[in-house]
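Engineer: this is the structure alone, sequence omitted:
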């Protein structure tokens, strides 16, 4: 599959996700964990943007594409927003062809020349039916 078609698929998956079509329910994704279901895998990682840190993603391999990401604030007692409370970032990857990919997440401040304070790695395998399996998940 050419890079053009992969980008085209990612664009259409993003449009579908924007309108909630085919949207993966993140309510049952474990915190600091993952859920692989059919052609997608959702990875959830603790995050606190108020500190300036965020997750930077890298994909090695071309069997999946990042099709959605979002931040969810941590629930606080009484549903009162607490400044600096943090939350979770969810990353949805969708299978585009059979193979294996390594997903690397680096928690860092993008403007600093410092190494990440945390690195998480997931290896995913996509079968011929485009079903995703997580082979390993390390660093959490």
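Structural biologist: Everything's here; your move. This structure is a prediction, so every number in the text was calculated from the model and none was measured. Residues are numbered from 1 along each chain as shown.
Engineer: now do the contacts for the closest residue to residue 56 other than its chain neighbours.
Structural biologist: Closest residue to residue 56 apart from its sequence neighbours, by CB to CB, 6 or more residues apart in numbering: residue 106 at 4.7 Å. In short, each C-beta sits where N, CA and C put it, glycine included. Counting by CB atoms under 8 Å, 6 or more residues apart in numbering, residue 106 makes contact with 55, 56, 58, 116, 118, 119.
Engineer: highest neighbour count among these?
Structural biologist: residue 55 (22 neighbours; other CB atoms under 10 Å).
Engineer: do you know how far the residue nearest to that residue when sequence neighbours are not counted is from residue 86?
Structural biologist: Leaving out its chain neighbours, the residue that sits closest to residue 55 by CB to CB, 6+ apart is residue 105, at 4.9 Å. As defined by CB to CB, to the nearest Å, residue 105 lies at a distance of 16 Å from residue 86.
Engineer: the more surrounded of those two?
Structural biologist: Applying other CB under 10 Å to residue 105 and residue 86 shows that residue 105 carries more neighbours, namely 20 against 15.
Engineer: and the more buried one, how far from residue 129?
Structural biologist: According to CB to CB, residue 105 and residue 129 sit 26 Å apart.
Engineer: returning to what we had before: confirm for me that the residue nearest to residue 55 is in contact with residue 117.
Structural biologist: No - counting by CB atoms under 8 Å, residue 105 sits too far from residue 117 to count as a contact (11.9 Å).
Engineer: all strands of this protein, in order?
Structural biologist: Assignment of strands within the chain using DSSP state E yields the ranges 33-37, 40-47, 54-60, 64-73, 87-95, 99-108, 118-126, 132-138.
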